[in-house]
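Trainee: My questions are about this predicted structure, shown below with the sequence.
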Amino acid sequence: MRACVQRVSRAKATLIKTGEIVGEIGTGVLILLGVRDGDISDDAVFLASKIAQLRIFEDDAGKMNLNLQDIRGDALVVSQFTMYGDCRKGRRPSFTQAARPEIANQLYEEFIRALKRFDIPVATGRFQQEMDVELVNHGPATFIVESRHLQSR
């Protein structure tokens, strides 16, 4: 699994077709989550733990020493299969590394449940729906985090 974690002042996901806001947060992180073919439940749990405890927020001294729990921040989690778009050949990305939708949705939901176990308020996008995702990237600060299952390959 792969996540693009963006530290935000606020973020929201709105369905394009209806204009319905499906997820909205204040201070915290926007997580764009990609699931790779071969990922398993352990990847979702590991990645949620890693992100919940990632020290990317500044303390009083201006150092990145605080995590999402420390600041009582929120998370907006949006599934994004394009995280596994391979652009190495040609001009059109290949998505063959991305998990099939039924597996990706299952692991996306597992990731959300695991993140909530850290008492982090979680808002979500809507799986397989076109959305406008708005954010104010605080810092800016953006990090790519991958699961240990992927790292061991």
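Mentor: Thanks, I have it.

Trainee: gap between the top strand by length along the chain and the chain center?
Mentor: The longest strand of the chain (DSSP state E) is strand 131-146. Centre-to-centre, strand 131-146 and its host chain are 9 Å apart (Cα atoms, centre = their mean, to the nearest Å).

Trainee: ok, that strand: who's next to it in the sheet?
Mentor: strand 2-15 (antiparallel) (DSSP bridges).

Trainee: State the next helix or strand along the chain beyond the partner strand.
Mentor: For strand 2-15, the following helix or strand on the C-terminal side (DSSP states H and E) is strand 21-25.

Trainee: Distance check, the residue sitting nearest the centre point of the chain against Ser94.
Mentor: Centre of the chain computed as the mean C-alpha position; nearest residue by Cα atoms, centre = their mean is Ile31, 2.3 Å away. Using Cβ to Cβ, to the nearest Å, one gets 24 Å for the distance from Ile31 to Ser94. For every residue, glycine as well, the C-beta is placed using N, CA and C.

Trainee: The residue nearest to the centre of the chain: what's it in contact with?
Mentor: Neighbouring residues of Ile31 by Cβ atoms under 8 Å, 6 or more residues apart in numbering: Ala3, Cys4, Val5, Gln6, Ile51, Ala75, Leu76, Val77, Val78.

Trainee: Next, the buried residues of the longest helix belonging to the chain.
Mentor: Assignment by DSSP state H gives helix 101-116 as the longest helix of the chain. The neighbour-count check on helix 101-116 (16 or more other Cβ atoms under 10 Å) flags Ile103, Ala104, Gln106, Leu107, Tyr108, Glu110, Phe111, Ile112, Ala114, Leu115 as buried.
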